[in-house]
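Trainee: Fold the following.
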Amino acid sequence: MSWSDDTPPPAELHPEIPHPARMYDYYLGGKDNFPADREAAEKVLALGPLVRISARANRAFLQRAVQRLSELGVKRFIDIGTGIPTAGNTHEIAQRVHPDAEVAYLDNDPIVLVHSRALLAGTAPGRTTVIRADLREPKVVLADPTIQRLLEPGEPVALLLFAVLHFIDDADDPYALVRELLDALPAGSYLALSHATADFAAQGEGGRGPAIYRAASAQLTLRGKDEVARFVEGLELLEPGLVTAAQWRPDQPPADTDPQVAIWAAVARKP
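Mentor: Numbering: from 1, shown residues only. Coordinates of the predicted model:
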């Protein structure tokens, strides 16, 4: 992000504290980040090439998942923990398939809101909304008028939780948070999620990434495949099930790194 010496970034953005959304933007090659974000991100990238590969695989999974859900007839999307907008956003994909598709982006970070609202300037009003909300407060999320309207009976809804659950500590009971949101969705709705893991890290290396994030504005909790599978218990997994992000319905030839991308991914239907 470019700020002149005469116009420093707003204090509420806390540019001196690494932020996961800005670090993720840096992994993807974006420019919406500050020196503190880049410094922390470089420490994570130093852990190995799979860090950046995994970030890009996660972004590509988001795009394929939204495309597939749109093809299945979903026109209502609730995207929580959206991060800084980049190419191929949820609303762009969904509205390309269904021009009347509605998307609500939710995030608790001021910088994400600023960028999201700038991105959406000039789009069809009412079809895409940006809401400041926190996944840790599902009752507040569900009480929002836009969300209430999207949850009106009769239409399936897609709840999107891409690369956000690993920023929810065990103490906050992420499983209960997800269950409360799922319970509010109409039958036939979907959950799409991705989650960072240390399942493929070398022995003794799994704690290095979370240690770096301790200096950031959100902590990182890596979970194994069995732990991630708990989020989709009771739901009907779409093929190919719970796999690495690169292995979920790939649209290009497989790479040698696909089975070790450090992101578990799944899309599942609520019966």
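Trainee: The protein: strands as residue ranges?
Mentor: 76-80, 102-107, 128-132, 157-162, 190-196, 236-237, 243-244, 263-269 (DSSP state E).
Trainee: from the chain's centre, how far out does the fifth one sit?
Mentor: Spelled out, it's strand 190-196. The chain centre lies 8 Å from the centre of strand 190-196; the measure is C-alpha atoms, centre = their mean, to the nearest Å.
Trainee: Then the second one?
Mentor: On the basis of C-alpha atoms, centre = their mean, strand 102-107 is displaced by 12 Å from the centre of the chain it belongs to.
Trainee: Quick one, grab the pLDDT at the residue lying closest to residue 64 once chain neighbours are set aside.
Mentor: Leaving aside its chain neighbours, residue 64 sits nearest to residue 249 (5.4 Å; criterion: C-beta to C-beta, 6 or more residues apart in numbering). For glycine as for every other residue, the C-beta is placed from the backbone atoms N, C-alpha and C. The model reports residue 249 with a pLDDT of 97.
Trainee: swap in residue 143?
Mentor: The per-residue pLDDT reported for residue 143 equals 97.
Trainee: same check, this time on residue 175
Mentor: For residue 175, the model assigns a pLDDT of 98.
Trainee: Disregarding residues adjacent in the polypeptide, which is nearest to it?
Mentor: Spatial nearest neighbour of residue 175, chain neighbours left out: residue 230 (5.7 Å); criterion: C-beta to C-beta, 6+ apart.
Trainee: what number of residues lie near that neighbour?
Mentor: The tally of other residues near residue 230 (other C-beta atoms under 10 Å) stands at 12.
Trainee: the bottom helix or strand of this structure by mean pLDDT?
Mentor: Among the helices and strands of the chain, helix 208-213 carries the lowest confidence by mean pLDDT, DSSP states H and E, at a mean of 51.
Trainee: Disregarding residues adjacent in the polypeptide, which is nearest to residue 65?
Mentor: Using C-beta to C-beta, 6+ apart and skipping the chain neighbours, the partner closest in space to residue 65 is residue 192 (4.6 Å).
Trainee: quick one: residue 240 and residue 247 touch, right?
Mentor: Yes: counting by C-beta atoms under 8 Å, residue 240 does reach residue 247; the two are 6.6 Å apart.
Trainee: out of these two, which sits in the busier spot?
Mentor: Remark: of residue 240 and residue 247, residue 247 carries more neighbours, 18 against 13, as counted by other C-beta under 10 Å.
Trainee: which residues touch the more buried one?
Mentor: Shown in contact with residue 247 (C-beta atoms under 8 Å, 6 or more residues apart in numbering): 240, 254, 258-259, 261, 265.
Trainee: For those, name the two members farthest from one another.
Mentor: 254 and 265 (14.8 Å; C-beta to C-beta).
Trainee: all helices for the protein, in order.
Mentor: For the chain, applying DSSP state H gives helices covering 20-27, 35-45, 50-71, 90-97, 110-120, 138-143, 145-150, 174-184, 208-213, 225-229.
Trainee: Pull up the per-residue confidence for the residue most central in space within the chain.
Mentor: With distances taken as C-alpha atoms, centre = their mean, residue 162 lies nearest the centre of the chain, 2.6 Å away. At residue 162, the pLDDT value in this model is 97.
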